[in-house]
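[1] show me the folded form of this:
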Amino acid sequence: MDLVDVIESKRFLGGEFLTWLWFWSHRRNGRFDLDGLGPIELEFADQLVLDAFLAEAEQSRLSGGAPSYSPEAKTALRMGKRVSKAKLKLRREERDWVFSVTAADFHFSGVRVPATLKEPEEKTLDRFALIEELDEVFIALYRQFLNQRLSDQWPKINQELEQWAHQDDS
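    Numbering: from 1, shown residues only. Alright, predicted model coming up:
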C-alpha cells in the first residue's frame, strides 16, 4: 500500500475528529484542558458543513447564528453525516482566534489571529508566532481525540456521542 492509499484509508478520521470536537465542546461548555498547553475554550461559530460519509453529494450547509445548536445539525448527525468543515473560535489566555477548517485535510482558511500591539517591523513575526500557537493547540486537540479514539473507551464515547445526537436539547 503506497502513501496515497494510506492517507485515503484514514481520511474519515478528520470528520470523526471535528464531530467529536463538536460533541466535546458542547459537553464541556467549550472548555478543554490540553496537556502542556493548559486551558482553552473552543466554540463552533457561524458555519457548519456536514457530509454523508459514503455519498458526498449529500451535504448539509448551515450558517448564521449558532448552527451547531440547531435542530438541523442534530438531524444531519442522526442521518449519519459527519462534520466536513467548521468555523471555530478559539480562546486561550484572553486571546481569540477565528478560523475555518476542513476535515479531509485540516486545511485552515480565513484565519484571524489576536490583535497585536507590536511595532510594524515586529508585527509579522508576532503573527507567525500566533499562527504557530494555533497550530500547536489544534494538534493537541487532535492528539486528545486520537488518545480517546485508540483507547478501550472509544465504544463508550461513541455511544455517548450517538445519544447526544439524538437529544433534542442540542
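[2] show me what the helix or strand containing Ala86 is packed up against.
    Per DSSP states H and E, Ala86 falls inside strand 81-92. Packing partners of strand 81-92 (3 or more CB pairs under 8 Å, 6 or more residues apart in numbering; DSSP states H and E): helix 12-27, strand 38-52, strand 59-63, strand 95-102, helix 120-149. From N, CA and C alone the C-beta is placed, and that goes for glycine too.
[3] gap between His166 and Leu18?
    19 Å (CB to CB, to the nearest Å).
[4] so which residue is dead centre in this protein?
    For the chain, the residue sitting closest to the mean C-alpha position, by CA atoms, centre = their mean, is Leu18 at 3.9 Å.
[5] once you drop chain neighbours, what's closest to it?
    Excluding the flanking residues, the one nearest Leu18 by CB to CB, 6 or more residues apart in numbering is Val83, at 3.7 Å.
[6] do Leu13 as well
    Closest to Leu13 by CB to CB, 6+ apart is Arg149, at 7.5 Å.
[7] just give me the neighbour total for that neighbour.
    As a burial measure, Arg149 scores 16 neighbours (other CB atoms under 10 Å).
[8] quick one: residues contacting Gln47.
    Contact analysis of Gln47 by CB atoms under 8 Å, 6 or more residues apart in numbering lists Leu62, Ser63, Pro67, Lys85, Ala86, Lys87, Ser100.
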